[in-house]
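In: Task: produce atomic coordinates for the following.
(chains A and B)
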Protein chains: 2
Amino acid sequence: MIPNEKEWSKSEKEIARQAYKAAYNRECKAILEDVRKMAAETRDSTGLWKIHNYLTKKRKETDEKYDYRYSVLRFVFARLICEGWMHQEDIKGISEDKLQEIREAAEFYAG
Amino acid sequence: MIPNEKEWSKSEKEIARQAYKAAYNRECKAILEDVRKMAAETRDSTGLWKIHNYLTKKRKETDEKYDYRYSVLRFVFARLICEGWMHQEDIKGISEDKLQEIREAAEFYAG
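Out: Residues are numbered from 1 along each chain as shown, chains lettered A, B, ... in the order given. Below is the predicted model:
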């Protein structure tokens, strides 16, 4: 069965949306910290364009990673948990079967 | 007559190369200062990606502007002077006819 929007209750959707936003904000904050550090340490044009390359890479990565389609949301969350951007407690309130799938997928990502 | 490399003496080329490098470094330093300021003032993801958009725009602009072909160098220098990245004293030692052409082109850029 392909997971879809109908499997998510209204309250689960609200929890998922908040958790997703929080993870995105955490990751963007970390990228911003990297940019500040790089900009503070850079003295020449090579360093300047390294910041640009870094941001281009991160923008592509986050655009691909943060995908809010319900059909893939369990895997997105698993990856975010695995990478440390989402915390288990952020998604408390989501049904146990979904949490179980997310945990299993997170273990898969963690290798 | 199309201006070309042969019109530039060895010492003129050395002056031109140094002036060009100095202008490029000044402009990159100013961009870096903008990035530092933007990064310090930014609090959210919107601001983060604004830094990326700004750098993408500046990289494209500088890649187009800094063109060291001798056939276009007078116009490149005129533009850099007009925009404040190159100073008149940086190109002291280049032949008077070239300087005159650069000044005339700079006036054209200044509108």
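In: wait, doesn't A:Thr42 sit right on A:Ile51?
Out: Yes - using Cβ atoms under 8 Å as the test, A:Thr42 is close enough to A:Ile51 to be in contact (6.9 Å). The way it works is simple: take the backbone N, C-alpha and C, and place the C-beta from them, glycine included.
In: between the two, who's got more neighbours?
Out: A:Ile51 (23 against 19; other Cβ atoms under 10 Å in any protein chain shown).
In: near chain B, which residues of chain A show up?
Out: A:24-25, A:28, A:31-32, A:35-36, A:39-40, A:42, A:44-45, A:47-49, A:51-52, A:55-56, A:59 (Cβ under 8 Å from any Cβ of the partner chain).
In: Can I have the buried ones of those as a ChimeraX selection?
Out: ChimeraX command restricting those to the buried ones, with burial defined by 16 or more other Cβ atoms under 10 Å in any protein chain shown:
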select /A:24,28,31,32,35,36,39,42,45,48,49,51,52,55,59
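In: ok, longest helix in chain A?
Out: As assigned by DSSP state H, the longest helix anywhere in chain A is helix A:10-41.
In: what angle do it and helix B:10-41 make?
Out: Helix A:10-41 and helix B:10-41 are oriented at 140 degrees to each other (axes from the mean of the first three to the mean of the last three Cα atoms, to 10 degrees).
In: so how far is helix A:10-41 off the chain centroid?
Out: Remark: helix A:10-41 is offset 8 Å from the chain centroid, using Cα atoms, centre = their mean, to the nearest Å.
In: Low-confidence ranges, chain A, go.
Out: A:1-3 (pLDDT under 70).
In: which residue packs closest to the most centrally placed residue in chain A, ignoring adjacent ones?
Out: Residue closest to the average C-alpha location in chain A (Cα atoms, centre = their mean): A:Leu80, at 4.2 Å. Spatially, and ignoring its direct neighbours in sequence, A:Leu80 is nearest to A:Met86 (3.8 Å; Cβ to Cβ, 6 or more residues apart in numbering or on different chains).
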